[in-house]
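Chemist: Just a sequence and a predicted model for now, questions to come.
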Amino acid sequence: QENSFIKGFEEFQKTESQIHYADSIRTANRALFNRLVAELKLKQGTLTVKQNLYLTYFMGYQKAIAGEIKAAIALLDKVIEQDEYQFVKYRAIITKVTIHSTSKNYTQGFLVLNNLLPELKVLEDKIIYPEALFAVASFYNRLSIYHLSQQYTQQLLDTKPSPRYVCLANMLYVESMFFLKELTMEKIDNAWVAQCQAIGENMAANFIHVIIAEFYLNENKPELALELLLQHLQSVKSTQYYLLISRFNSFIAQAYYALGNYRLAERYALMVIDKIAENHSSLSIVRASKILYQLNKDKGDLTKALSFHELYTIHDKLYNDDLNKRSFTYQIAEDNNREKNNQLIILFEQNKNLKLERTLHERTREKDQLLILSLMLIVAILAYWTYKSKLTQRKLKKMAEYDELTGILNRRCFNELADTAIKYCRQSGQPISLILFDLDEFKAINDTYGHQVGDWVLKNTIMTCQKLCRKNDIFGRFGGEEFTILLPGCDNDKAFELAESCRTVISEISTLETGYDFKISASFGICSSENGSYSLNEIVKAADEAMYHAKSSGRNRVSIYGIDMHNTAEEPCLNETVTTVE
Ligand SMILES: Nc1nc2c(ncn2[C@@H]2O[C@H](COP(=O)(O)OP(=O)(O)OP(=O)(O)O)[C@@H](O)[C@H]2O)c(=O)[nH]1
């Protein structure tokens, strides 16, 4: 009997140390952790209640790592529901906060945090207390609520925690200082990194490096940023943590770009884009694609510039959506902090009589429900408000670039793109030409059939001509019924061919759909760089003269600048050479 008691006790001790060991190597050695959990599962039936709770917690942790969030939460909730074993209970709460924060489920994370915060003050356990403070501080950090993150980090440092938490707390502290604009050159302390390196916390050390590098870049000191990043690039690569590696690469690209080394800026920015699958959506992609767009635009490679611009827009939107999501939660956090003084307390007061009749327990529950309801209302209002302002923003952006009626570029945006295209053609020795056209007797169409029919004519004219243009042609509305097409790589002859085709298709447009039957025509003017100038203003001016020549010669025709124009134009201003016409 004594023997079996000793055996049972030994087995209990063994399980206890297995649990303790599994817990301690949880993050450092995942394979061994999984093996230990598998062993514990085999003897599940013989485990004590406390040991079983630990096993459930470990299983929840495993599910969280595997990305099975729902299953993870269900297991952790089982541990949280009980009150007897506080240590493992808070472990589960902390993991739940982290899961919500990494899966960007900020509102849920905040609600869990809400339960944890009041308890923090009474948590005296030397292990759990710093761990909980760190979880709270990192959660606020992820939500970009840096003043609260800083507050909890300071509390964590005040507990004189283990070197690991000193290092992690410093990492959060540097980041919050940076975003709160409290970081200065004088404050940068080598001890932050040294503490992390001393205990092998490579990742945290490199997080600190990358924040300092970003600070240098903001301070317009790209050479310092570059030196710091290159010095630690090898060490960050060894972590194989792509989000951090990409952050390094994107800042290196930014520093090279600022220093005028475009070749290396491109190389490092491309490394970020190559790892896009591992990064999903991050600010590094936004940064890198913006640099690549800018570089290709400067080089005049419009096709590549456009594709990087598209990538930039997509990821910028994803990032901003996440930012918005975080800011909702921030609002909630703020409201919660003011809970005692804010509107909610008035609501509670109004319900006082009703509440007095209830038990204390019911009152607390009601308060929670009311709080949650109000929070949900705030979230809904904020969501609606942000959705509306996003829509307005998008609309404003579109309005700033495109003509509302025809959907082609407006004059300002046309000029911007045209400048880049002309610069590129001049540098690469290619011709470029410009077609300017204006509908004939359009005022009469408006006056006879009404403005709406006039609009229909404008839309259909553009739709018809657009089908004849190449992908690289730049089509814009100059105002009223005047339009322009810029043709990179094309000479007068090619431009003439397109203008003639446009003229023909316009004259063949059937207007029966409007309820009236009438003819549409337009007069075209062409000028190209063959006339000796690569200046957009001069080319437009000459094409305009050619177009007026077409109008004055009877309309519904194409005129090339310099051809038979001496009777209308005062002097051919670019080149006297007369090129072929019709
Ligand atoms: N429906 C409509 N009309 C417009 C728009 N923008 C400008 N217009 C009209 O376009 C007409 C242009 O008239 P004019 O500049 O006299 O030229 P036109 O009648 O086409 O004569 P020519 O150019 O000499 O052939 C004006 O009546 C403007 O009000 C628009 O967006 N929609």
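Modeler: Done, it's in.

Chemist: Check which helix or strand residue 435 maps to.
Modeler: strand 432-439 (DSSP states H and E).

Chemist: do that strand and the ligand meet?
Modeler: Yes. With CB under 6 Å from any ligand atom as the criterion, the ligand is reached by strand 432-439 at 438-439. Heads up, the C-betas are built off the backbone N, CA and C, glycines and all.

Chemist: what residues does the protein put near the ligand?
Modeler: Close to the ligand, as judged by CB under 6 Å from any ligand atom, the chain has residues 405, 438-444, 446, 451, 454-455, 458, 480-481, 551, 555.

Chemist: again, 5 Å this time
Modeler: 440-443, 446, 451, 454-455, 480-481 (CB under 5 Å from any ligand atom).

Chemist: Which of these fall within strands?
Modeler: Applying DSSP state E to the residues of the chain next to the ligand, no entry is found in strands.

Chemist: Among those, name the ones in helices.
Modeler: Mapping the residues of the chain next to the ligand onto helices (DSSP state H) picks out 442-443, 446, 451, 454-455.

Chemist: Quick one, grab the pLDDT at the residue in the chain that the ligand sits nearest to.
Modeler: Residue of the chain nearest the ligand, by CB to the nearest ligand atom: residue 454 (2.6 Å). The model reports residue 454 with a pLDDT of 96.

Chemist: burial of residue 247, as a residue count?
Modeler: 26 (other CB atoms under 10 Å).

Chemist: Mind telling me what element it is part of?
Modeler: Residue 247 belongs to helix 242-258, assigned by DSSP H and E.

Chemist: which other helices and strands contact that helix?
Modeler: When contacts are defined as 3 or more CB pairs under 8 Å, 6 or more residues apart in numbering; DSSP states H and E, helix 242-258 packs onto helix 202-218, helix 222-237, helix 262-274, helix 276-279, helix 283-299.

Chemist: closest to residue 166 out of the ones you listed?
Modeler: Taking CB to CB, helix 202-218 is the member of the helices and strands packed on helix 242-258 nearest to residue 166, at 10.3 Å.

Chemist: tell me the angle the closest one makes with helix 242-258.
Modeler: Per axes from the mean of the first three to the mean of the last three CA atoms, to 10 degrees, the angle that helix 202-218 makes with helix 242-258 is 20 degrees.

Chemist: quick one on the thing from earlier: can you tell me which of the helices and strands packed on helix 242-258 the model trusts least?
Modeler: Sorting the helices and strands packed on helix 242-258 by mean pLDDT places helix 276-279 lowest, at a mean of 66.

Chemist: ok, which stretches of the stretch 451-582 of the chain are strands?
Modeler: With DSSP state E, counting those that start in this stretch as the criterion, the stretch 451-582 of the chain has strands at 474-479, 482-488, 522-528, 558-560.

Chemist: so how far is residue 512 from residue 519?
Modeler: 12 Å (CB to CB, to the nearest Å).

Chemist: Point out where the stretch 451-582 of the chain drops to low pLDDT.
Modeler: Counting by pLDDT under 70, the stretch 451-582 of the chain contains low-confidence ranges at 564-582.

Chemist: try 80 this time
Modeler: Filtered on pLDDT under 80, the stretch 451-582 of the chain yields the residue ranges 471-472, 563-582.

Chemist: on that earlier part again, could I get the ones in helices among the residues of the chain next to the ligand as TSV with distance to residue 82 and neighbour count?
Modeler: Converted to TSV, those look like this (distance: CB to CB, whole Å; neighbours: other CB atoms under 10 Å):
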residue	distance to residue 82	neighbour count
442	80	19
443	83	11
446	79	16
451	74	10
454	75	20
455	70	13
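
Chemist: what's the most distant pair in these?
Modeler: 443 and 455 (13.8 Å).

Chemist: remind me which residues of the stretch 51-200 of the chain are low pLDDT?
Modeler: 65-67, 102-108, 110-111, 113-128.

Chemist: Quick check: the residue sitting nearest the centre point of the chain vs residue 276, distance?
Modeler: The C-alpha lying nearest the average C-alpha coordinate of the chain belongs to residue 319 (CA atoms, centre = their mean; 2.3 Å). Distance, residue 319 to residue 276, by CB to CB: 13 Å.

Chemist: Give the residues shared as contacts by these two.
Modeler: Listed as contacting both residue 319 and residue 276 by CB atoms under 8 Å, 6 or more residues apart in numbering is no residue at all.

Chemist: so residue 20 is in which element?
Modeler: Per DSSP H and E: residue 20 is located in helix 2-25.

Chemist: Pull up the distance across stretch 268-284, start to finish.
Modeler: 11 Å (CA to CA, to the nearest Å).

Chemist: mind listing what's buried in it?
Modeler: Neighbour counts over stretch 268-284 (16 or more other CB atoms under 10 Å) mark 268-269, 271-273, 275-276, 279, 281-284 as buried.

Chemist: same check, this time on stretch 17-35
Modeler: 18-19, 22-23, 26, 33.

Chemist: Can you give me the neighbour number for residue 12?
Modeler: Neighbour count for residue 12, taken as other CB under 10 Å: 14.

Chemist: what's the pLDDT at the closest residue in space to it that isn't next to it in sequence?
Modeler: Closest residue to residue 12 apart from its sequence neighbours, by CB to CB, 6 or more residues apart in numbering: residue 48 at 7.4 Å. On the pLDDT scale, residue 48 is placed at 90.

Chemist: so residue 48 touches residue 16, yeah?
Modeler: No. Counting by CB atoms under 8 Å, residue 48 stays clear of residue 16, with 9.2 Å between them.

Chemist: The two: who's more crowded?
Modeler: residue 16 (14 against 11).

Chemist: could the buried residues of stretch 17-35 be laid out in TSV, adding pLDDT and distance to residue 238?
Modeler: Below are the buried residues of stretch 17-35 laid out as TSV (pLDDT from 0 to 100; distance: CB to CB, whole Å):
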residue	pLDDT	distance to residue 238
18	89	31
19	90	31
22	88	26
23	83	26
26	74	21
33	89	22
